[in-house]
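> quick one, structure for this:
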Amino acid sequence: MIEVAAIAAATAIFLFGAWLYNRLIGGRNRVKTAWSDIDVQLQRRHDLVPRLVAAVKQYAQYEKATLEAVTVLRTEAMQTAEVRAKGKLEEKLSAGLDRIIALAENYPDLKASENFLNLQNELVETENYLQFARRYYNGSVRDYNTLTETVPSTVIAGWFNFGPKEFFQKTSDEAANVPLVDLGNIE
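The predicted model follows:
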C-alpha cells in the first residue's frame with residue numbers, strides 16, 4: 001500500500017513538473033512570437049526611412065544633417081540585436097523621423113506632395129502597429145517573467161535555465177519629465 005502511494009505521489013509530482021515546464025515553454029514561445037511581431041514592424045519602418053528621406057531631400061537641401069542622422073540611425077538599429085540597445089536606437093530614430101515630418105511645415109511644396117503624404121501616412125500606421133506590438137511583447141515578457149520568478153515554477157525554471165526576458169520600451173519616460181504645475185491653494 002505504501003509503495004502504491006509513493007508511486008502515485010511521484011507520478012503526481014512528475015506530472016505537475018511537466019505541466020509547469022510546458023507553461024514555461026509556452027511563455028517563452030509567446031515572447032519569441034511577440035518579438036517577431038515587433039521585428040516585422042521595425043523592418044517596415046526601416047524600409048520606409050530611405051523612401052521618406054529621398055522624398056524630403058528633393059525639397060529640403062538645407063536639412064542634410066537631419067536626413068543623414070536618420071539614415072545612420074536606421075542602419076545601426078537594423079544591425080543591433082540586443083533588446084535594450086535596439087530600444088535606445090529606435091527611440092532616437094523615432095525622434096529623427098518626427099523631425100523629418102516636422103520639416104514639411106517649412107516646405108509647402110513638400111507638405112502638398114502626394115508621395116510625401118502617402119509615406120507620412122504609412123509611417124503613422126507603422127508606428128501605431130509598432131505600439132500595439134510593443135504592448136503585446138511587454139505583456140508576454142511580464143507574464144513569462146512572473147512565471148519564472150514565482151513558486152513553484154521558479155524551481156523548474158532554475159533547473160532548465162529559463163532566464164528572465166527584457167522589456168522593449170522607451171529609455172526615457174516622458175510622463176515622468178512633465179513639469180508639475182502649482183495651482184496654489186484652491187478653496
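> what about residue 115, neighbour count?
The local packing of residue 115 (other C-beta atoms under 10 Å) involves 13 other residues. Yep, even glycine has a C-beta here, placed from its N, CA and C like the rest.
> quick one: buried residues of whichever strand or helix holds it?
Element membership for residue 115, per DSSP states H and E: helix 114-149. The neighbour-count check on helix 114-149 (16 or more other C-beta atoms under 10 Å) flags 116, 119-120, 122-123, 126, 129-130, 133-134, 136-138, 140-141, 144-145, 147-148 as buried.
> show me what the lengthiest helix in the chain is packed up against.
Ranked by residue count, the top helix of the chain under DSSP state H comes out as helix 2-57. When contacts are defined as 3 or more C-beta pairs under 8 Å, 6 or more residues apart in numbering; DSSP states H and E, helix 2-57 packs onto helix 64-79, helix 83-103, helix 114-149, helix 153-159.
> the last one packs against which elements?
Translated: helix 153-159. Going by 3+ C-beta pairs under 8 Å, 6+ apart, helix 153-159 lies up against helix 2-57, helix 114-149.
> what of the longest one?
Using 3+ C-beta pairs under 8 Å, 6+ apart as the contact criterion, the neighbours of helix 114-149 among helices and strands are helix 2-57, helix 83-103, helix 153-159.
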